[in-house]
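A.B. asks: my questions concern the predicted model and sequence given below.
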Amino acid sequence: MTDVEAALDDAGIKNQQVREYVAHWAAITQPDRIEVVSTADDARLVQESLDAGELLPAGEGRYYSRSYVKDTARSEERTIVATSDPNDKGVYNNWRPASEMKELYNTLVAGQSRGRTMYVIPYLMAPPGSPLEQFAAGVQITDCRPVVLHVIRMARVGKDHVDNLADQNSFVRAVHVTGDLPNLGQGTPDDKRYFITVADERTILHFGSSYGGNALLGKIAHGLRQAMYDGWKNGFLGEQFMLLGVVDHQTGRRYHIAGGFPSASGKTNLAMTLPPDALGDRYHVEFYGDDIAWLWVDEESGRVMAFNPENGVFGVAKDTNELTNPTALDAIRPGTGTIFTNVAYNPTTQEVWWEGRTSEPPADVTGWLDWKGLPIADRTDEEKDDPWAHPNSRFTTTLANVPNVAVDYENPGGVHVDAVIFGGRTRDREPLIRAITDLAEGVYDGLTLGAEATFAAEGVDGQLRYDPMSNRPFMSYGEGDYAQHWLDVIGAAEHQPIFAHVNWFQRDPEDGHFRWPGYRENLRALLWLAQLKNGEVTGRQTPVGIVPKAEELNLDGLEISEEDLEAILTIDVDRWRQEMGFREKHLEQFDRLPEVIWDAHRRVAKALDEE
């Protein structure tokens, strides 16, 4: 086995706690060599990966990777939060005792890095100098070189982030061991994969994957699950939120909006949006982040502040195109160092393609390989309509590549949050936007956030898959305590953000067309929300919030029928009464749910009954 001390001496690692942590796991996993990496190592590691066939060139300064066919997405059923306190158990966090899971993990990974390099990645999930910096430092160890390259794009990487800690022990210990992927029993009763966050020990233990959501430990496990737990104990919020800014050139005002959206509800497209052409001279949209935000209250100003802890974008490729997200396409242009995963690839031309990139796949299939590496040209008639790219195919690029990234995206003090929005995907009941000015009702709305699921076949038409604050897969403690923590953190702000719920997906029940055009036009709803908060418009009060009056929306340059506009600004009271029954059953699952949340539920239900 390698000389751990010599490797850490050569890298100049001074933090004794880091040295002991690396030595501990090297003794268990037994790598052949150890290498400490920083952002400066990126070009060399890319070349090594190209030479080894782990990456393939995808045009100038872009790269392609393909994961094991059964290792293509996060695995919620194998994801566990472990602590020493059973009271941390929630409905969604798959809680297990820490002692049990740590012992199991040690058994699984013993000797699993033999013949491999252990890469040591010191990282920071915050702009340097942030008031939350003490919760942002981590050291990930991994035996997978492509994982290192993804981490370099998604976090700030370098030894100074741990050597300069005021408390040398205040870093997250993140262990990733890939394992023998073809022999892990994925999806069977013998599944050996485990993705564990030992939240009260600030330790992350992942085994059995090299896919980003399971292997980029600073992102999901630290940036969300661990941050949620740290925030609960230390007075801030770690949320799966996008964060954007809107600059009004006419008034000089700047607004910042944070928001949570379940999967396939338009979060990344909104985060990276541009103004509609008709409004582009007056407004500019600034990108801060598409996936995670940490929020806290600045005591001096009394305002809710936020930043994106990530340094990159790990975006879903499917349906990303010039209409849906031109900003993303610009961020993954040639020369950006972008890594594509599990899209279709042509090794001859070095092109990539995914469903939705263009209306039709390339007509000439010569040389094209699907996401499994199989030639498209060899497909049978039964296979000809199979996807070329995996539905969860990805691109990884740095924030600096995003063309409209905010000039202050690395401001350690964060930006003030004017509004918190939640957005599900529903074909009815939810209007374009409804604003909520009461804190408890805003938190209640977040707890009952949902998107359409396939319940109609089971005879429960219209039931949503609830996803509290869009954090269902990332909860690290009980939902009732989580609700109270939201009330405490936002309630401590002198200047509280306005809440709102948005829905871009309402459909005409007759022909199925979307009533609202979506994409860049969505900015119009956010502009109305800012005006409402400023007292410039009043909207119309409904039992579930304030909706715009038609004349209050800026519709310059937008073609929309009066019928569609009326529908998306109207509340379907009967549908909402049905919804309240579903919500009640959903909330009854949660222990210690604050009574003020139940009061909010009863207020909304009563208002609907009286409508």
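C.D. replies: Thanks, I have the structure now.
A.B. asks: got the CA positions of the helix or strand harbouring residue 107 in CSV?
C.D. replies: Residue 107 is part of helix 98-109, with elements assigned from DSSP states H and E. Extracted C-alpha coordinates of helix 98-109, given in CSV (Å, rounded to 0.1, in the frame of the first residue of the first chain):
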residue,chain,number,x,y,z
ALA,A,98,-25.4,5.7,12.5
SER,A,99,-23.5,2.9,14.2
GLU,A,100,-25.2,0.2,12.1
MET,A,101,-24.6,2.0,8.8
LYS,A,102,-20.9,2.9,9.5
GLU,A,103,-20.2,-0.7,10.3
LEU,A,104,-21.9,-2.0,7.2
TYR,A,105,-20.1,0.6,5.0
ASN,A,106,-16.7,-0.4,6.4
THR,A,107,-17.4,-4.0,5.4
LEU,A,108,-18.5,-3.1,1.9
VAL,A,109,-15.5,-0.9,1.0
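A.B. asks: what's the first helix or strand after it?
C.D. replies: Next along the chain from helix 98-109, counting by DSSP H and E, comes strand 117-124.
A.B. asks: from the contact counts, what lies against that following strand?
C.D. replies: helix 16-29, strand 33-36, strand 137-142, helix 145-154, strand 156-157, helix 160-163 (3 or more Cβ pairs under 8 Å, 6 or more residues apart in numbering; DSSP states H and E). In this view, the C-beta of every residue, glycine as well, is placed from N, C-alpha and C.
A.B. asks: now do that strand: distance to the chain's middle.
C.D. replies: 22 Å (Cα atoms, centre = their mean, to the nearest Å).
A.B. asks: equivalent analysis for stretch 113-129, please.
C.D. replies: For stretch 113-129, the distance to the chain centre is 20 Å (Cα atoms, centre = their mean).
A.B. asks: out of the helices and strands packed on strand 117-124, nearest to residue 477?
C.D. replies: Nearest to residue 477 among those is strand 137-142 (19.7 Å), distances taken as Cβ to Cβ.
A.B. asks: now do that closest one, average pLDDT.
C.D. replies: Predicted confidence along strand 137-142 averages 98 (mean pLDDT).
A.B. asks: and the gap between residue 256 and residue 246?
C.D. replies: 8 Å (Cβ to Cβ, to the nearest Å).
A.B. asks: whoops, I mixed them up, residue 528
C.D. replies: 12 Å.
A.B. asks: now do residue 585
C.D. replies: The value you get for residue 585 to residue 246, if Cβ to Cβ is used, is 37 Å.
A.B. asks: for residue 362, same thing?
C.D. replies: Remark: distance between residue 362 and residue 246 (Cβ to Cβ) = 38 Å.
A.B. asks: can you check residue 277 too?
C.D. replies: For residue 277, the distance to residue 246 - Cβ to Cβ - is 16 Å.
A.B. asks: picking up where we left off before, of residue 362 and residue 246, who's got more company?
C.D. replies: Taking neighbours as other Cβ atoms under 10 Å, residue 362 and residue 246 compare with residue 246 leading, 22 against 17.
A.B. asks: is it fair to say that one lies in a helix?
C.D. replies: No - counting by DSSP: H, G, I helix; E, B strand; the rest coil, residue 246 is not found in a helix; it is strand.
A.B. asks: that one bridge partners, please.
C.D. replies: residue 255, residue 285 (DSSP bridges).
A.B. asks: what residues sit buried inside stretch 405-414?
C.D. replies: 405, 406, 408, 409, 410, 414 (16 or more other Cβ atoms under 10 Å).
A.B. asks: before we move on, the earlier item: and residue 313, which of the helices and strands packed on strand 117-124 is closest to it?
C.D. replies: That would be helix 145-154 among the helices and strands packed on strand 117-124, by Cβ to Cβ, at 8.2 Å.
A.B. asks: helices and strands around the closest one, which ones?
C.D. replies: helix 42-52, strand 117-124, strand 137-142, helix 212-215, strand 312-316, strand 339-341, strand 394-398.
A.B. asks: export those as TSV, with columns for distance to residue 524 and mean neighbour count.
C.D. replies: Formatted as TSV, the helices and strands packed on helix 145-154 follow (distance: least, Cβ to Cβ, whole Å; neighbours: other Cβ atoms under 10 Å):
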stretch	distance to residue 524	mean neighbour count
helix 42-52	40	14
strand 117-124	37	24
strand 137-142	40	26
helix 212-215	33	24
strand 312-316	24	24
strand 339-341	33	25
strand 394-398	28	24
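A.B. asks: confidence-wise, which of those is weakest overall?
C.D. replies: helix 212-215 (a mean of 92).
A.B. asks: helices or strands up against that one?
C.D. replies: By 3+ Cβ pairs under 8 Å, 6+ apart, helix 212-215 packs against helix 145-154.
A.B. asks: the inter-axis angle of the helix it packs on versus strand 137-142?
C.D. replies: Angle of helix 145-154 versus strand 137-142, following axes from the mean of the first three to the mean of the last three Cα atoms, to 10 degrees, is 160 degrees.
A.B. asks: CA atoms of helix 145-154 as PDB?
C.D. replies: C-alpha atoms of helix 145-154 as PDB (Å, rounded to 0.1, in the frame of the first residue of the first chain):
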ATOM      1  CA  ARG A 145     -10.800  10.000 -12.100                       C
ATOM      2  CA  PRO A 146     -13.800  11.200 -14.100                       C
ATOM      3  CA  VAL A 147     -15.500  12.000 -10.800                       C
ATOM      4  CA  VAL A 148     -12.600  14.200  -9.900                       C
ATOM      5  CA  LEU A 149     -13.100  16.200 -13.200                       C
ATOM      6  CA  HIS A 150     -16.800  16.700 -12.400                       C
ATOM      7  CA  VAL A 151     -16.000  17.900  -8.900                       C
ATOM      8  CA  ILE A 152     -13.500  20.400 -10.300                       C
ATOM      9  CA  ARG A 153     -16.300  21.800 -12.400                       C
ATOM     10  CA  MET A 154     -18.900  21.800  -9.600                       C
END
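A.B. asks: may I see the buried residues of that helix?
C.D. replies: Applying 16+ other Cβ under 10 Å to helix 145-154 flags 145, 146, 147, 148, 149, 150, 151, 152, 153, 154 as buried.
A.B. asks: redo those as CSV? Include distance to residue 290 and pLDDT.
C.D. replies: Shown next, in CSV, are these (distance: Cβ to Cβ, whole Å; pLDDT from 0 to 100):
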residue, distance to residue 290, pLDDT
145, 26, 98
146, 22, 97
147, 21, 98
148, 22, 98
149, 20, 98
150, 16, 98
151, 18, 98
152, 18, 98
153, 14, 98
154, 12, 98
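A.B. asks: could you dump those residues into TSV and include distance to residue 473?
C.D. replies: Listed next are the buried residues of helix 145-154 as TSV, based on distance: Cβ to Cβ, whole Å:
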residue	distance to residue 473
145	27
146	23
147	20
148	25
149	25
150	19
151	20
152	25
153	22
154	18
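A.B. asks: just those residues now: which is nearest residue 75?
C.D. replies: Using Cβ to Cβ, residue 147 comes nearest to residue 75 of the buried residues of helix 145-154, at 16.3 Å.
A.B. asks: quick one: low-confidence parts of this protein?
C.D. replies: For the chain, applying pLDDT under 70 flags the ranges 1, 453-462.
A.B. asks: name the element the most centrally placed residue in it belongs to?
C.D. replies: When Cα atoms, centre = their mean is applied to the chain, the residue found nearest the centroid is residue 291 (3.2 Å). Assigned by DSSP H and E, residue 291 belongs to no helix or strand.
A.B. asks: ditto for residue 64
C.D. replies: Taking DSSP H and E as the definition, residue 64 sits inside strand 63-65.
A.B. asks: other SSEs contacting that strand?
C.D. replies: helix 42-52, strand 56-57, strand 339-341.
A.B. asks: could you rerun that using 7 Å?
C.D. replies: strand 56-57, strand 339-341 (3 or more Cβ pairs under 7 Å, 6 or more residues apart in numbering; DSSP states H and E).
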